[in-house]
Structure formats: C-alpha cells, structure tokens
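Asker: pasted the sequence and its predicted model underneath.
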Amino acid sequence: MSNHILVGLDIGSSTIKSLAVMPKKEDATFEILSQVSEPARGIRRGLITNTAEVSEVIASVLQKTQNECGKKIEDVFVNIGGCHIFSKNSRGTIIVSRADEKISEEDIERAIQAAQTFSLPANREILQVFPKGFIVDGETKIQQPLGLEGVRLEAEILVVGYFTPYFKNLTKAVLDAGYQISHIICNPIASASAVLTAQERELGTLLIDIGAGTTSFCVYQENTLMTVGIIPIGSFNITADIATGLATHIDTAEQIKLKFGICGSRAQKTIKIKEQESGEMLSFSQKKLNSIIEARVLEILQEIQKKVKSVGPFSFPGGVVLCGGGAYLPKIKDFSKKSLKMACRIGKPKGFFPKIDSPDLSCVAGLILDGQDFSEPSPPISRIFKTILEKIKKMLKDLIP
C-alpha cells in the first residue's frame, strides 16, 4: 500500500467532491485528511457539457483539499458516469502453449486479450475489463485455471466502455485544472468497492447508486461483476416532479424534498411553507407530496429491474444496497424492499477513519479503494492509460480466493 496521499475526485451532476486520505499501515484502513464538496457547474446528467466551468470547480475543490491536508496533490482517482457507459460480455479462446499442457499465467493473459478482440461502434472504447470465469476443454465455471492441464482455454469477460468524446471532456477538465489522472473508474463499480461486503458479492447483490442526474447500478454474483448500467433519472427528477405537482419554483421544491420528503408514508397532515421566490405561503398535504416522490422512485427501481432482467436471470440472496444522495430519502429502504421484493439496506463506505456515515460519499470513497493499486508514481500518460498487462495482472490477483 502506498505511503503518499490518495485523493478521490467524484465529478457528479450536482456536486464535485474530493476525499483525501493517508493509508494506515497498522490496520489497512485509510485516515481521512480532507473532504471537500462544491456545487457542480457545466455538467448535465453526469456528462460534462462545459469543460472550462468544470475545470474551475475541480481546481477550487482540490485547492481547498490541499490547504486542509497541508500536502501537495499531483494526481487523483476520477469517476466516469453518464448513460454512454456500456457493458458487454465477450469470450476469447486460445490453445495452451506449454508442451505439458499446464495452463500458465501467460495463457490466461492471452485468453483475456483474445476476448477483447471484437469490433466496437465508432467512438466507443474499452475502459475496464473484468474476468467472469474460464472454460478448460469444455469444463465451465472455473475461476482460477492457473496450473490446470488442458488444451483449449476460454476466457469469459465483462467489458465496460464509454463514448470517446465524453471521456475526452472528462480528462480535459481534470488536466486543465492542473492535475494528473491516476485511474478512471465507472461510478457504480467505485461505489460497490466502498459499500458491498465480501458475502454480498458472493451471494448475489444489486447495487443502486441514486445520484442527482442519473442512477447507476451493478450486479455482483459469485464474487464476479455481472453487469453495469446507468439510467438518466435521478433525485433531481424527484425535485422537478415536486415543483410541477405543487406548482412551485424548483428551489422551493428542493427545500420541500429535503425537509418534508418521505418515501412510503401515508401521513395526512397539511404542510405550509413560505416560497423562497415570492414569499407567499404554499400549502399542500403530506400525502400528495409522498405520492409524487413514490411515483418517481418506483419508476427508477422498475427501470433498473427491467435492465437487469434483460441481461440475464439473476437471484439476489444478498438483496439490494442503496447508496448515493438519493439514499438519504426517509423510508426509501423500506419502500425499495417492498417494491423489489428483496432485502434492502443503505450502503455506507467502509475502511476509513473516522468512520464515514454518508451514503453520498460511496463513489468518492470507492475511487480510493478501487484505485489504490494504481497509485504508484508514473509518467502522466500512463496514469491515464494503464497497460493491458497491468490490468490483467490485477484481475488475476482479484480472482484468487
């Protein structure tokens, strides 16, 4: 584990957050040195639409982080989100190279590389590759084929990719702020690193990260990432629905959501609040507010459920884990449990001191946990684009029980 400061930078639709930590050797956790958050500008539904504005906010956030830490920041772990993110299953086959037919690490690497030899549409590229399993001479569901005897080795992988122009906007915004990128990680994968337990990854668990402009999700089963996705609906849509349903300004609607919003309550009381813009009193029932919120949350859950089912039949003994800013909504855990008909909990990052009790810090915390293996000093270009060999070695290490 590296001894220098590690910094995660979560570039979200509504806020840009940083988390700076120092590894604690004695217990393999991270000591928090700084946590900074500022309102985002130039971002829409997880996509950077104005790199200059985003770069300004990044520079401000990281300068405050440096001031709080008293240490210079050179590189950061960064998230990538937006509905352009895609995942794809692929399979590659090779013939075992050794005369004794024992599968070597080189054979495994070649099989994983062979699985990546497929065509992608224009402006689509691979971000991360996750081995799902191996097949040796027709024998399936092998997690670690190293040392086994066989003639034919097949690798099954999950590829996570992006739309190149959006990726370039992201890297440009960070580089223009004066910082290098150590590693780029997809939103839900980072959040899963922070909040899912080893048991949940093994049993089968659906992670849902409800952000402001988007909601991302991923599925783990048998300690393997099965699918990843992002939908263009988030907690800001709930605010917009409240503004429309109660005929009020968006700022007042956000205040109402944060102060009175509940998901799954049938309270009959009447609420009165002064509108921020007009100064007039707005009166509405708690029941009406709750029905507006519940309709949108249900849509989010059903849309994710539909996308997960389209990939394949999964069972979720580990239940669903909610994180992101949307997980703050009171009673959303119970509402999700009832709607999805599975166990549900609110996910909070683990492995940090002081303890993090905020589900909206899941992604930025996960950036550090997932990216720490990429934190050693390296030339600027390689900080962004790790060689295939480095990625494969890390994947192989993760496969070993």
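Answerer: Everything's here; your move.
Asker: where does pLDDT dip in this structure?
Answerer: Along the chain, the parts satisfying pLDDT under 70 run over 1-3, 374-401.
Asker: for it, which segments count as helices?
Answerer: Secondary structure of the chain, counting by DSSP state H: helices at 51-69, 105-115, 164-176, 187-195, 198-203, 235-245, 250-260, 286-311, 332-340, 362-371, 380-384, 388-399.
Asker: turn these into TSV, including distance to T224.
Answerer: Just so you know, the C-beta spots here come from the backbone N, C-alpha and C atoms, and that holds for glycine as well. Shown next, in TSV, are the helices of the chain (distance: least, CB to CB, whole Å):
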stretch	distance to T224
helix 51-69	33
helix 105-115	14
helix 164-176	25
helix 187-195	12
helix 198-203	8
helix 235-245	30
helix 250-260	37
helix 286-311	13
helix 332-340	21
helix 362-371	15
helix 380-384	26
helix 388-399	9
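Asker: can you put the ones you listed in TSV and add distance to I273 and mean neighbour count?
Answerer: Compiled in TSV, these are given as follows (distance: least, CB to CB, whole Å; neighbours: other CB atoms under 10 Å):
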stretch	distance to I273	mean neighbour count
helix 51-69	30	18
helix 105-115	56	20
helix 164-176	37	18
helix 187-195	33	29
helix 198-203	40	16
helix 235-245	11	20
helix 250-260	6	18
helix 286-311	11	17
helix 332-340	22	19
helix 362-371	31	28
helix 380-384	47	14
helix 388-399	50	15
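Asker: among those, which is nearest T227?
Answerer: helix 286-311 (4.5 Å; CB to CB).
Asker: mind giving me the packing neighbours of the closest one?
Answerer: In terms of contacts (3 or more CB pairs under 8 Å, 6 or more residues apart in numbering; DSSP states H and E), helix 286-311 is packed against strand 205-210, strand 215-221, strand 224-231, helix 235-245, helix 250-260, strand 270-274, helix 332-340.
Asker: what comes into contact with the last one?
Answerer: When you say that, I think you mean helix 332-340. With contacts defined as CB atoms under 8 Å, 6 or more residues apart in numbering, helix 332-340 is touched by 206, 208, 263-264, 294, 297-298, 301-302, 305, 319-320, 322, 326-327, 343-346.
Asker: try 6 Å
Answerer: C263, G264, L298, L301, V320, C344, I346 (CB atoms under 6 Å, 6 or more residues apart in numbering).
Asker: hmm, back to that, among the helices of the chain, which is nearest T93?
Answerer: Among those, if distance is taken as CB to CB, the winner is helix 105-115, at 6.3 Å.
Asker: can I get the helices and strands packed on helix 286-311 in JSON lines including distance to D176?
Answerer: Listed next are the helices and strands packed on helix 286-311 as JSON lines, based on distance: least, CB to CB, whole Å:
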{"stretch": "strand 205-210", "distance to D176": "27"}
{"stretch": "strand 215-221", "distance to D176": "25"}
{"stretch": "strand 224-231", "distance to D176": "25"}
{"stretch": "helix 235-245", "distance to D176": "26"}
{"stretch": "helix 250-260", "distance to D176": "30"}
{"stretch": "strand 270-274", "distance to D176": "41"}
{"stretch": "helix 332-340", "distance to D176": "37"}
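Asker: to V364, which of the ones you listed lies closest?
Answerer: The nearest among the helices and strands packed on helix 286-311, by CB to CB, is strand 205-210 at 11.6 Å.
Asker: tell me which of the contacts of helix 332-340 fall in strands.
Answerer: Applying DSSP state E to the contacts of helix 332-340, the entries found in strands are V320, C344, I346.
Asker: drop anything exposed from the contacts of helix 332-340.
Answerer: Neighbour-count burial (16 or more other CB atoms under 10 Å) applied to the contacts of helix 332-340 gives C263, G264, L301, V320, C344.
Asker: and the gap between H249 and L282?
Answerer: Going from H249 to L282 by CB to CB, to the nearest Å gives 10 Å.
Asker: typed the wrong thing, it's L47
Answerer: Computed as CB to CB, the L47 to L282 distance reads 33 Å.
Asker: who has more neighbours out of the two?
Answerer: L47 (21 against 17; other CB atoms under 10 Å).
Asker: what sits against the more buried one?
Answerer: Counting by CB under 6 Å, 6+ apart, L47 makes contact with G82, Y166.
Asker: please name the bridge partners of it.
Answerer: R44 (DSSP bridges).
Asker: tell me how far it lies from I238.
Answerer: Taking CB to CB, one finds L47 at 20 Å from I238.
Asker: what of C344?
Answerer: Relative to I238, and taking CB to CB, C344 is found at 18 Å.
Asker: to what extent is the closest residue to V136 other than its chain neighbours buried, counted in neighbours?
Answerer: Leaving aside its chain neighbours, V136 sits nearest to G150 (4.0 Å; criterion: CB to CB, 6 or more residues apart in numbering). Each residue near G150 was counted by other CB under 10 Å, and the total is 20.
Asker: for G150, list the residues it contacts.
Answerer: Going by CB under 6 Å, 6+ apart, G150 touches V96, V136, D137.
Asker: make it 10 Å
Answerer: Taking CB atoms under 10 Å, 6 or more residues apart in numbering, we find G150 in contact with 95-96, 101-103, 107, 134-139, 142.
Asker: do the same with L301
Answerer: Contact analysis of L301 by CB under 10 Å, 6+ apart lists I208, I210, T215, V320, L322, I332, F335, S336, S339, L340.
Asker: apply 7 Å and report the result again.
Answerer: Contacts here follow CB atoms under 7 Å, 6 or more residues apart in numbering; on that basis L301 touches S336, S339, L340.
Asker: separation between the last one and E200?
Answerer: The reference is to L340. Counting by CB to CB - L340 and E200 are separated by 15 Å.
Asker: then the first one?
Answerer: As judged by CB to CB, S336 and E200 stand 15 Å apart.
Asker: just so I know, which of the helices of the chain lies nearest F30?
Answerer: helix 362-371 (6.4 Å).
Asker: that closest one - contacts with which helices or strands?
Answerer: If you count contacts as 3 or more CB pairs under 7 Å, 6 or more residues apart in numbering; DSSP states H and E, helix 362-371 packs onto strand 6-11, strand 15-24, strand 75-80, strand 180-186, helix 187-195.
Asker: what's in contact with the third one?
Answerer: Surrounding strand 75-80, the residues in contact under the criterion CB under 7 Å, 6+ apart are 7-11, 127, 162, 167, 170, 174, 179-187, 190, 363, 367-368, 371, 383.
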